[in-house]
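[1] starting from these lines, generate the structure:
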Amino acid sequence: MSNLTGKVALVTGGSQGIGLATVYQLVASGAKVITCGRSSGKWADVLARFPALDGVDFWAVDLTQPSSLKNWFADIRQRYGRLDIAVNNFATGNRGVGSFANLAEDELTTALHAALRAPIACLQEEIALMLTNKSGGVIVNVSSVNGLRATPGAAIYSAAKHGIEGISKSLALEYISQGIRINSVAPGVTLTPSWESRLAAAESPAKMKAEVEALVPLQRFATPEEIANAIVWLCSDASSYVVGHTLVVDGGLSQA
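    Residues are numbered from 1 along each chain as shown. Got it, this is the predicted structure:
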């Protein structure tokens, strides 16, 4: 377990899935964690299951709303005055999935804003906060294997994740001289609430799950905890010489 005692860490989308697993591991590593989600009720459910997260500073924020995002970071700046670690973990129900030619303009806009524009806005705020730290900071962006390869039928989601990959590498070189170390993690199929919902809606959940797992050389979904392991490692001094890298955690999917 990494020792992050005394670090102030921010995780977006921390009330479920990969974000929640990351929050849990950062707390276990000694960090003071700030996180957000759209529902205070969902966070109350989290605390009922995981009392160890009682000290997490949770905010109900919709980061796709620019004013809400800016107000949240203004409050963080006022309350903490600094940021040592930031994990940008965004999930959205509207990924712009389907035939590209038939996607409505509002679907395109919503999907791109949630998966690319909002994370970029967070990056601007996080970097500004970290520049106040003489010791800099660490940023990990949660990308996807869909940001590394072609994804027919999900071109907009793929484009957004390619964008996350591009900005991660560019900003990594732009800010490393100022002590800010930036990398990304690219998960493969991970058994998050999003995938659980998709499986539950399928005509045969077991069949769909088996078909997806057959595409993965490791023959199974990742758990959120396995992705969080990679994220927290990149947040720690154990990865101090890793800059502008994409750590792929996909059970071999991108190599198949």
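
[2] now do Phe73 against Met130, distance only.
    Note on Phe73: its distance to Met130, by C-beta to C-beta, to the nearest Å, is 12 Å. Backbone N, C-alpha and C define where each C-beta goes, glycine included.

[3] so between the two, which is more surrounded?
    Using other C-beta atoms under 10 Å as the criterion, Phe73 and Met130 rank with Met130 on top: 24 against 21.

[4] isn't that one right next to Ile180, touching?
    Yes: in terms of C-beta atoms under 8 Å, Met130 counts as a neighbour of Ile180; the distance is 5.1 Å.

[5] between the two, which contacts overlap?
    Residues touching both Met130 and Ile180 (C-beta atoms under 8 Å, 6 or more residues apart in numbering): 136-137, 139.

[6] closest one to Ala256 out of those, please.
    Ile139 (29.6 Å; C-beta to C-beta).

[7] need phi/psi at that closest one.
    Main-chain torsions, Ile139, degrees, to the nearest 10: phi -120, psi 130.

[8] same question, Thr190
    phi -130, psi 140.

[9] also Val138?
    Torsion angles, degrees, to the nearest 10, at Val138: phi -130, psi 130.

[10] list the contacts for it?
    By C-beta under 8 Å, 6+ apart, the contact set of Val138 is 84-86, 180-182, 234-235.

[11] show me those residues that map onto helices.
    Residues from those lying in helices, with DSSP state H as the criterion: 234-235.

[12] and the contacts of Val138 as CSV, adding neighbour count, pLDDT and distance to Ser143?
    Below are the contacts of Val138 laid out as CSV (neighbours: other C-beta atoms under 10 Å; pLDDT from 0 to 100; distance: C-beta to C-beta, whole Å):
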residue, neighbour count, pLDDT, distance to Ser143
Asp84, 21, 97, 22
Ile85, 27, 98, 17
Ala86, 26, 98, 15
Ile180, 22, 98, 18
Arg181, 22, 98, 16
Ile182, 29, 98, 12
Leu234, 23, 98, 12
Cys235, 29, 98, 15
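
[13] other residues contacting the helix or strand harbouring Met208?
    Met208 is located in helix 205-214, with elements delineated by DSSP states H and E. Outside helix 205-214, the residues within contact range by C-beta under 8 Å, 6+ apart are 189, 198-199, 202, 219-221.
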